[in-house]
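Novice: Sequence and predicted model, in that order:
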Amino acid sequence: MKLFTILALAVAIGLATAASPFAASSPDGLEKVATDKAFVDQGTLHSVQEDSPVPDYAFPGVDDPRAATGLAGFAGTLMVFGLGYGAARVARRRTAPA
Amino acid sequence: MHIPDGFLSNEVAVACAMPAVAAVGYGLRRAEVDLDDRRVPLLGVTAAFVFAAQMLNFPVAGGTSGHFLGAALAAVLLGPWLASLVLAVVLVAQAFVFADGGITALGANVFNMGVLGGVVVGGLMLAARRALPNTRAALLGVAGGGAWLAVMVGAAGCAIELAVSGTVPLGTVLPAMLGVHAVIAAGEAVITVAAVSAVLATRPDLIHGPVPEPASSVLPNPAIS
């Protein structure tokens, strides 16, 4: 399992870091429909999102937009791995037979 | 398909959050059945892969892009309830750290992109186990078809929630959402089949449910890997 975990995580981090700066930047399906059907302006940021740590997948303090996106992808993928692993560990412990 | 705050009425947001919380809670409670020791790191890796792949928008027709959602892949590996948990982890991180997807809309986003797809694909896997031979081709067919359907059901759910919220009429938003997502869903199917193929080639025992035949000598021994 260790080898698979390391390899799969490496693929995820590699994609998020190296490929995400070159991803398409046009609006996604819902954004496009919201624009076409004229309700996109109803979208708001929640107050807790106004000073979100990494707004719009751009790592703060990095001038080059591609580097900022790649760094956000790298950090985000590691963080989500940690969150998922932690959630699984907690769930496993709570239900594990005593 | 991340709904921001402001698109949904409070009633709809709450009505969507309830099944989302129930599905994630059920996934956590079923951890003893679905989440053996090998799958604890698998859940983390799946969440990481889904997050990474969601950043990779690909162009679809007419100045629009789409991206992988991941519920189908997660359901093939972990079953529908832990797939809901995986997407909840990803969507919580995206909403709170990256300001992608709303906070009050979080339940609806987990429901549309996690629970609906997970249940669709989990149900198809269960039906296929009874009706189809236990082969690699059958599993990949279910994964691909299920991935396409999962995105379409999620898009339909999103459209219905917007309509019930009074944001946009259903007759306007439903065809538009299904039309653009029919193409995005094809991308979802391609990525899901590729990822499931990669798992089948390396660790077929990580597929949720029985391992497809032939379970020959090429099957790695979990004890030594």
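Specialist: Cool, the structure landed.
Novice: and the nearest residue to B:Asn10 once chain neighbours are set aside, what pLDDT?
Specialist: Residue nearest to B:Asn10 in three dimensions, not counting chain neighbours: B:Thr104, with 7.2 Å by C-beta to C-beta, 6 or more residues apart in numbering or on different chains. Backbone N, C-alpha and C define where each C-beta goes, glycine included. Looking at B:Thr104, its pLDDT reads 97.
Novice: for B:Thr104, phi and psi?
Specialist: phi -70, psi -20 (degrees, to the nearest 10).
Novice: Then B:Thr64?
Specialist: Main-chain torsions, B:Thr64, degrees, to the nearest 10: phi -120, psi 150.
Novice: which residues of chain B fall in helices?
Specialist: Here chain B has its helices, by DSSP state H, at B:10-29, B:31-34, B:39-54, B:71-98, B:106-110, B:116-131, B:136-164, B:170-202.
Novice: And for chain A?
Specialist: A:2-14, A:29-36, A:65-95.
Novice: To B:Ala186, which of those lies closest?
Specialist: helix A:29-36 (12.3 Å; C-beta to C-beta).
Novice: Wondering if that closest one reaches chain B at all.
Specialist: Yes - counting by C-beta under 8 Å from any C-beta of the partner chain, chain B has neighbours in helix A:29-36: A:29-30, A:32-34, A:36.
Novice: in chain A, what spans have low per-residue confidence?
Specialist: Within chain A, the ranges that satisfy pLDDT under 70 run A:1, A:94-98.
Novice: Try it again at 90.
Specialist: For chain A, applying pLDDT under 90 flags the ranges A:1-2, A:51, A:56, A:90-98.
Novice: Chain A versus B:Ala20, what's the distance?
Specialist: 15 Å (C-beta to the nearest C-beta, to the nearest Å).
Novice: so how far is the lowest-mean-pLDDT helix or strand in chain B off the chain centroid?
Specialist: The weakest-scoring helix or strand in chain B, judged by mean pLDDT, DSSP states H and E, is helix B:31-34 (a mean of 78). Taking C-alpha atoms, centre = their mean, to the nearest Å, one finds helix B:31-34 lying 19 Å from the centre of the chain it belongs to.
Novice: That one: which residues count as buried?
Specialist: By neighbour count on 16 or more other C-beta atoms under 10 Å in any protein chain shown, the buried set for helix B:31-34 is B:31, B:34.
Novice: and it, what does it pack onto?
Specialist: On a contact count with 3 or more C-beta pairs under 8 Å, 6 or more residues apart in numbering or on different chains; DSSP states H and E, helix B:31-34 meets helix A:65-95, helix B:71-98.
Novice: quick check: angle from the last one to helix B:116-131?
Specialist: Angle of helix B:71-98 versus helix B:116-131, following axes from the mean of the first three to the mean of the last three C-alpha atoms, to 10 degrees, is 160 degrees.
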